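> turn this into a model:
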Amino acid sequence: MEDNLLLLSNSQTHNMGFLEHAREALVEFLDGRRSIYFAPYAAKVSAYDSYTATIQEAFKPFNVTVTGLHTVDRPAAALRDAEVLFVGGGNSFRLLKTLQQLDVINVVRERVTHGELRYMGSSAGTNMSCPSLRTTNDMPIVQPASFASFGLISFQINPHYQDPPTDSTHMGETREQRILEFLDENDVPVVGLREGSWLRKRGASLALEGLTAARIFRRNTAPQEYKPGSDLSWLLTLPATFDQSQP
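Numbers count the residues shown, from 1 in each chain. Below you'll find the model as predicted:
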């Protein structure tokens, strides 16, 4: 069985409803499955129920039952029998810390890798598919035990990637500069995934899909633009070297 991943840059695109921009991709990804677990852990605890309700409403057109993972007594055990896991957006540090505390990292990695569990992420949830959260945009509002995440792919993603406005007078670092700083310390490709787009992985195949182009950064290589429909399977074959002195 092949692993199946749907990695969205964002859940909501400007002037569109929640997940509306990716409806066709969702239908293809679910492939008839009618039950998913949703992990709301990137949000604050008091928002888990309302966040899950938003996801339930978004999946109604697909006749899919959404269960908040926070409502089950043993999340790791539930995920051993699950067909689909959707990890939502919010703060990546808070998300990873909670996933570690719930001891679900290994079971998700193993079941996804063996093609037994389909994984869908958005924003912070997409960050979790990477080897590390180090290319998140978020502030470290909490401290996870390590930066290591699910590692379902061998490269990094920067969701919500933004190009600097040409008329901006802002003197701080751009998103591109931050990614290049990452590459100074880690020899790992980074996909700058603009809003409205996503990566679709089917086994050894990886494609850029959606509404906008993506920008891919590699050490000692000029950033390259890729249009929706591009075959990015080559990213899955590249070795990744992290600075192991970091947590």
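
> going forward, measure contacts between C-alpha atoms and count neighbours the same way
Will do.

> shaky segments in the protein?
Along the chain, segments meeting pLDDT under 70 span 16, 166, 168-172, 243-247.

> and Arg94, how many neighbours?
21 (other CA atoms under 10 Å).

> any idea how far it lies from Pro223?
Taking CA to CA, to the nearest Å as the measure, Arg94 falls 30 Å from Pro223.

> then His114?
With CA to CA as the criterion, His114 and Pro223 are 33 Å apart.

> same deal with Lys60?
Plainly put, Lys60 is 39 Å away from Pro223 if you go by CA to CA.

> count residues in the vicinity of the nearest residue to Ser197 once chain neighbours are set aside, would you?
Computed as CA to CA, 6 or more residues apart in numbering, the closest residue to Ser197 that is not its neighbour in sequence is Gly210, at 4.1 Å. When neighbours are defined as other CA under 10 Å, Gly210 has 23 of them.

> so what's the backbone phi/psi at Gly210?
phi 110, psi -150 (degrees, to the nearest 10).

> any idea how far it is from Thr135?
According to CA to CA, Gly210 and Thr135 sit 21 Å apart.

> and the spatially most central residue of the chain, what does it touch?
Centroid-nearest residue in the chain, with CA atoms, centre = their mean: Thr126, separated by 0.4 Å. Neighbour list for Thr126: 7-9, 87, 89, 120, 157, 159 [criterion: CA atoms under 8 Å, 6 or more residues apart in numbering].

> and what of Glu176?
Glu176 is in contact with Asp163, counting by CA under 8 Å, 6+ apart.

> likewise Pro239?
For Pro239, the contact set (CA under 8 Å, 6+ apart) comprises 154, 188.

> thinking again about what came up before, just send the contacts of Thr126 back as CSV, with distance to Asn15, secondary structure and neighbour count too.
Formatted as CSV, these follow (distance: CA to CA, whole Å; DSSP: H, G, I helix; E, B strand; the rest coil; neighbours: other CA atoms under 10 Å):
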residue, distance to Asn15, secondary structure, neighbour count
Leu7, 21, strand, 28
Leu8, 17, strand, 31
Ser9, 16, coil, 29
Val87, 23, strand, 26
Gly89, 19, coil, 25
Met120, 23, strand, 24
Ile157, 24, strand, 30
Pro159, 19, strand, 27
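
> identify the farthest-apart pair in the residues you listed.
Greatest spatial distance in the contacts of Thr126: Val87 and Ile157, 15.0 Å, computed using CA to CA.

> tell me where the protein has strands.
4-8, 35-39, 65-68, 84-87, 118-122, 156-159, 190-193, 197-202, 205-210, 214-218, 221-226 (DSSP state E).

> and Ala78, which of the ones you listed is closest to it?
Nearest to Ala78 among the strands of the chain is strand 35-39 (8.7 Å), distances taken as CA to CA.

> can you list the residues that contact the closest one?
52, 55, 64-70, 82-88.

> strand 118-122 and that strand, what's the angle between them?
Counting by axes from the mean of the first three to the mean of the last three CA atoms, to 10 degrees, strand 35-39 points 40 degrees away from the direction of strand 118-122.

> what about strand 35-39, distance to the chain center?
15 Å (CA atoms, centre = their mean, to the nearest Å).

> can you check stretch 142-160 too?
Its chain's C-alpha centre and that of stretch 142-160 lie 9 Å apart, by CA atoms, centre = their mean.

> repeat for stretch 80-100
Relative to its chain's centre, stretch 80-100 lies at 10 Å (CA atoms, centre = their mean).

> one step back: quick one: which of the contacts of strand 35-39 has the most company?
Within the contacts of strand 35-39, Gly88 tops the neighbour count with 28 neighbours, counted by other CA under 10 Å.

> show me the contacts for that one.
Counting by CA under 8 Å, 6+ apart, Gly88 has contacts 38-42, 121-125.
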